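Enquirer: Fold the following, please.
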Amino acid sequence: MSTTLDSSGLSSTCLVILDRDGVINHDSDAYIKSLEEWVPYPSAIDAIAQLTQAGYTVAVATNQSGIARGYYDEATLHSMHSRLTAMVEAKGGRIAHIAYCPHGPDDQCCCRKPLPGLLLQIQHQLGMESLTGSWMVGDSLRDLQAGEAVGCRSVLVRTGKGEKTLANHTDLENTLVYSDLAAFSDWLCQQQ
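Expert: Next comes the predicted model:
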């Protein structure tokens with residue numbers, strides 16, 4: 001597969017987009033409502049650093065409907081993302097952009113996954129012409145659908161809601177499945 005650099009100088013095949021809850025940190029059906037409840041998988045922080053050090057650009061696309069539901073505010077969300085960024089940077093990694101949807105499922109927005117709006121925000125922010133060939137890593141079908149809508153390659157991790165997603169959907173033949181983000185990162189970095 002040929003690699004074409006777009007006007008930003010970033011190859012779409014070198015972009016890895018991550019869902020947050022269930023991929024980077026523990027998820028909760030009661031929502032992650034505070035900095036204290038935001039508990040990262042240590043291996044995920046290391047994986048993001050590993051990807052960065054291997055030359056990949058890492059971004060995050062996350063639905064955060066708890067804001068619309070009144071469970072927490074954007075300042076709380078920003079504190080979680082500041083901690084995430086600091087932890088990744090302390091390991092020698094970098095997150096290029098975090099895109100989040102603060103809307104609820106009935107808000108008729110264009111950014112809530114499975115719609116591709118968050119990924120398009122990342123594309124715009126990074127100055128890329130296309131996301132075709134980028135990686136979308138998630139633990140739910142909506143993550144994979146958002147990625148597929150813009151030409152991303154799909155990766156499902158078994159953490160978070162991943163096992164449930166795998167059990168409920170038998171049509172994931174074009175999706176790579178890994179135990180967690182670290183396992184995917186190890187595999188991807190070995191492909192270079």
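Enquirer: now what about stretch 114-130, what contacts it?
Expert: 6-8, 10, 12, 15, 17, 57, 59, 61-63, 96-97, 99-101, 109-112, 131, 136, 141-143, 145-147, 149-152 (CB atoms under 8 Å, 6 or more residues apart in numbering). Using the backbone N, CA and C atoms, a C-beta is placed for each residue, glycine as well.
Enquirer: Distance from that stretch to the middle of the chain?
Expert: Centroid separation for stretch 114-130 versus its chain: 12 Å, with CA atoms, centre = their mean, to the nearest Å.
Enquirer: Can you list the helices and strands that the longest strand along the chain packs against?
Expert: Longest strand in the chain by number of residues (criterion: DSSP state E): strand 57-63. Packing contacts for strand 57-63, counted by 3 or more CB pairs under 8 Å, 6 or more residues apart in numbering; DSSP states H and E, involve strand 15-18, helix 42-53, strand 97-101, helix 117-125, helix 141-149.
Enquirer: Now Cys111. Nearest residue, chain neighbours left out?
Expert: Gly117 (3.3 Å; CB to CB, 6 or more residues apart in numbering).
Enquirer: Distance-wise, check the one you found relative to Ser179.
Expert: Using CB to CB, to the nearest Å, one obtains 29 Å as the distance from Gly117 to Ser179.
Enquirer: Look at these two and report which has more neighbours.
Expert: Gly117 (19 against 13; other CB atoms under 10 Å).
Enquirer: Show me the shaky parts of the chain.
Expert: Applying pLDDT under 70 to the chain flags the ranges 1-12.
Enquirer: cutoff 80 now
Expert: Residues of the chain meeting the criterion pLDDT under 80: 1-13, 192.
Enquirer: Most tightly packed of the helices and strands packed on strand 57-63?
Expert: strand 15-18 (a mean of 26; mean count of other CB atoms under 10 Å).
Enquirer: Can you mark which positions in the top helix by length along the chain are buried?
Expert: If each helix of the chain is counted by residues according to DSSP state H, the longest one is helix 74-90. Neighbour counts over helix 74-90 (16 or more other CB atoms under 10 Å) mark 76-77, 80-81, 84-85, 87-88 as buried.
Enquirer: what's the spacing between it and its chain's center?
Expert: The answer for helix 74-90 is 15 Å, by CA atoms, centre = their mean.
Enquirer: ok, residues contacting it?
Expert: Residues outside helix 74-90 that contact it (CB under 8 Å, 6+ apart): 20, 24-25, 32-35, 38, 40, 45, 48-49, 52, 60, 64, 67, 94-95, 98, 100, 102.
Enquirer: now it against strand 97-101, angle please.
Expert: Relative orientation of helix 74-90 versus strand 97-101 (axes from the mean of the first three to the mean of the last three CA atoms, to 10 degrees): 150 degrees.
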